[in-house]
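1. return a 3D structure for these sequence lines:
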Amino acid sequence: MDTSENNTLIEIRKPETGGFLFFFYGYDLKNPLEGLKKVEKDFLKETSVYLYRDNIRVYPYGEIGDDWLRLSKYRAEDKLGSYFSYNDLIGFVFITQKDNPKLRDAADREGLMNIHGAKDDFIALIQASLKVMKDYVTIDKKKHELRKQKVIKSLNQIYLDNYNLLQKKLLDLNDAGLIETSKRFFVATNNLVQKAKEDLKITQELAGTGMAVEKATHDTMSLLKRLKVNTEDFVNRFDIGKISTLELRDFLLELKENLEFLYQELQVLQPLFRIARKVTRDVSVKSVSERVIKYFRKELEGKIEVKLYPYNDIIVKTNTGLILQVILNLMDNSIYWLEQLSDNDKKISIRIDENENSLTFADSGPGISEEISELIFTEFFTQKSEGRGLGLYIVKELLDRIDAEITLITDPRQKILNGANFLIKFKKEEK
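-> So this is what the prediction gives:
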């Protein structure tokens with residue numbers, strides 16, 4: 001037995017199912033690179049995951065419409081893309097009477113009996129294997145997309161280099177009309193590219209603001225609901241003359257504190273709006289970090305220890321909203337992963353290095369595996385159950401705008417804490 005933070009008893013035991021063998025084959029029916037013909041796709045849609053005992057088929061597992069692995073159920077309740085569907089998966093699971101004595105048939109082809117939870121263990125182990133397999137498929141797809149993005153950036157540079165070369169060749173030909181035509185073509189093309197970049201910039205800002213507003217709205221509505229209940233109770237007691245002067249004073253003090261909380265909550269959002277982002281000033285990274293810690297005090301106090309090394313500060317010439325959004329996203333990310341742990345020793349460290357003009361943001365969470373380290377800054381990549389895959393992507397894009405960069409620290413010697421460690425390097429301002 002083990003006990004979690006909320007004093008819920010957790011039973012730790014070995015599965016009752018016994019050892020078994022399986023083969024799974026996953027396909028992406030929408031990917032032309034798979035090279036599947038229509039007849040092959042139709043065949044896959046009619047197949048499923050089959051169960052055999054001593055090489056004899058066990059029914060009804062594998063029949064069309066039988067969701068024995070609950071894949072359809074999870075796809076309906078969670079993200080579709082997080083699980084295989086039976087349409088793009090074929091599998092064979094093999095058990096034996098000798099190795100799996102508790103996996104016995106129920107009557108009338110109703111599947112397996114659940115003796116001492118053996119059936120539940122059996123299905124859970126298969127589900128876990130399929131989830132790992134699906135995650136690896138997702139990672140491979142993202143890596144492929146990342147390679148394509150790098151190719152696109154390379155092609156963009158090739159386009160610019162070739163345009164410059166073309167201009168040089170045209171100058172050698174001394175054809176003024178052709179030179180002017182090529183310039184107009186380049187200007188028109190470049191305007192389209194710049195328009196697309198500006199649209200993307202606005203979308204990123206709105207997405208980041210939306211995430212902050214979502215949290216603020218949740219906290220604000222929770223507080224307002226509590227205030228409404230307390231106020232109604234107070235009014236009812238007041239009407240029947242059961243409120244003393246001291247109770248009235250305490251109520252007004254509590255009301256004042258709650259209004260101050262709401263004010264501070266909304267104050268954090270103000271710099272994130274687009275009108276505020278147009279104002280460039282000297283922004284203190286230390287002050288913004290302190291503001292973010294205060295903003296998340298409800299999630300942090302008594303649960304997660306936060307250390308901000310205040311000995312140094314960095315001044316960045318930008319708008320407050322940009323730095324605020326970067327630290328907000330990093331903090332929100334760390335809190336999410338720390339909340340998944342049962343460990344009581346949860347920590348977040350923010351270290352500002354004035355000499356290196358850098359900030360290190362670290363936590364004691366589960367960390368980030370090396371195999372996905374190159375994917376975490378790409379859009380729509382997430383490992384959160386309900387994540388959007390925008391947080392770290394937006395952080396990187398925002399920092400790119402001010403010639404700053406963010407990297408994941410993988411060298412254990414450079415880490416502050418044993419979880420995820422991010423290093424932000426700001427551009428040094430010329431004095």
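
2. care to break the chain down by domain?
-> Under the assignment automatic domain parsing, the domains of the chain span 2-141, 144-214, 282-431.

3. make TSV out of the ones you listed and add distance to Phe234 and mean pLDDT.
-> Using the backbone N, CA and C atoms, a C-beta is placed for each residue, glycine as well. Shown next, in TSV, are the domains of the chain (distance: least, Cβ to Cβ, whole Å; pLDDT from 0 to 100):
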stretch	distance to Phe234	mean pLDDT
domain 2-141	31	81
domain 144-214	30	62
domain 282-431	23	85
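
4. out of these, nearest to Asp250?
-> The minimum distance between Asp250 and these falls on domain 282-431, with 21.6 Å, by Cβ to Cβ.

5. pick the most deeply packed of the domains of the chain.
-> Per residue and on average, the most neighbours among the domains of the chain fall to domain 282-431, with a mean of 17 (mean count of other Cβ atoms under 10 Å).

6. Val235: which of the domains of the chain is closest?
-> Across these, the minimum distance to Val235, taken as Cβ to Cβ, is reached by domain 282-431, at 26.9 Å.

7. thinking again about what came up before, of all the domains of the chain, which one comes closest to Asp239?
-> Evaluated with Cβ to Cβ, these place domain 282-431 nearest to Asp239, the distance being 32.7 Å.

8. what residues are bridge-paired with the closest residue to Lys425 other than its chain neighbours?
-> Taking Cβ to Cβ, 6 or more residues apart in numbering as the measure, Lys425 lies nearest to Ser358, with 4.8 Å between them; neighbours along the chain are not counted. Partner residues in beta bridges with Ser358, using DSSP bridges, are Asp353, Lys425.

9. state the distance from Val395 to Lys242.
-> To Lys242, Val395 is 53 Å away according to Cβ to Cβ, to the nearest Å.

10. of the domains of the chain, which approaches Leu246 most closely?
-> Leu246 lies closest, by Cβ to Cβ, to one member of the domains of the chain: domain 282-431, at 27.3 Å.

11. and the helices in the stretch 301-431 of the chain?
-> Defined through DSSP state H, counting those that start in this stretch, the helices belonging to the stretch 301-431 of the chain, from first to last, are 320-339, 391-401.

12. ok, the stretch 51-200 of the chain next?
-> In the stretch 51-200 of the chain, the helices defined using DSSP H, counting those that start in this stretch lie at 71-77, 118-173, 176-239.

13. could you pull up the contacting residues of the residue nearest to Lys425?
-> Ser358 sits next to 314, 352, 423-426 when contact means Cβ atoms under 8 Å, 6 or more residues apart in numbering.
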